[in-house]
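Enquirer: sharing a sequence plus its predicted fold:
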Amino acid sequence: MSNSEMAIQPKLNLIEPPLFKVIYVNDNQTSMQFVIDSLIEHFHYTNITAERIANTIHSEGAAVAAILPFEIAEQKGIEVTANARKNGYPLQVRLEQEK
């Protein structure tokens, strides 16, 4: 077999990128309705699921809204924060690497 006929065998040691948790942090100013609407708008949850997550945020101080690849998690965090500021809310969104 000549060099031009040799098949190239790439090494495929693909490692999946780590996932990140998008975490909403409770505060005393952001309305529950805004949090629910935000979860529906940005993460496409049903009203029932968004209410359940919002109640967890309120009762436990924070809750995971989604687990996504870093770039998507970061974009969602930016979008949620920008929307909160536009509406006068101090809602905080953190990202944490999934373990």
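Expert: Arrived safely, thanks for sending. Just so we're clear, the structure is a prediction, and the values are computed from it rather than from any experiment.

Enquirer: who are the packing partners of the lengthiest helix in the chain?
Expert: Scanning the chain for the longest helix, with DSSP state H as the assignment, gives helix 70-86. In terms of contacts (3 or more C-beta pairs under 8 Å, 6 or more residues apart in numbering; DSSP states H and E), helix 70-86 is packed against strand 19-25, helix 32-43, strand 62-69, strand 92-97. Using the backbone N, CA and C atoms, a C-beta is placed for each residue, glycine as well.

Enquirer: hmm, try it at 6 Å
Expert: strand 19-25, helix 32-43, strand 92-97 (3 or more C-beta pairs under 6 Å, 6 or more residues apart in numbering; DSSP states H and E).

Enquirer: where are the low-confidence patches of the chain?
Expert: Counting by pLDDT under 70, the ranges of the chain that qualify are 1-6.

Enquirer: from the chain's centroid, how far away is stretch 58-70?
Expert: Relative to its chain's centre, stretch 58-70 lies at 8 Å (C-alpha atoms, centre = their mean, to the nearest Å).

Enquirer: mind listing what's buried in that stretch?
Expert: Within stretch 58-70, the residues that count as buried by 16 or more other C-beta atoms under 10 Å are 62-63, 65-66, 68.
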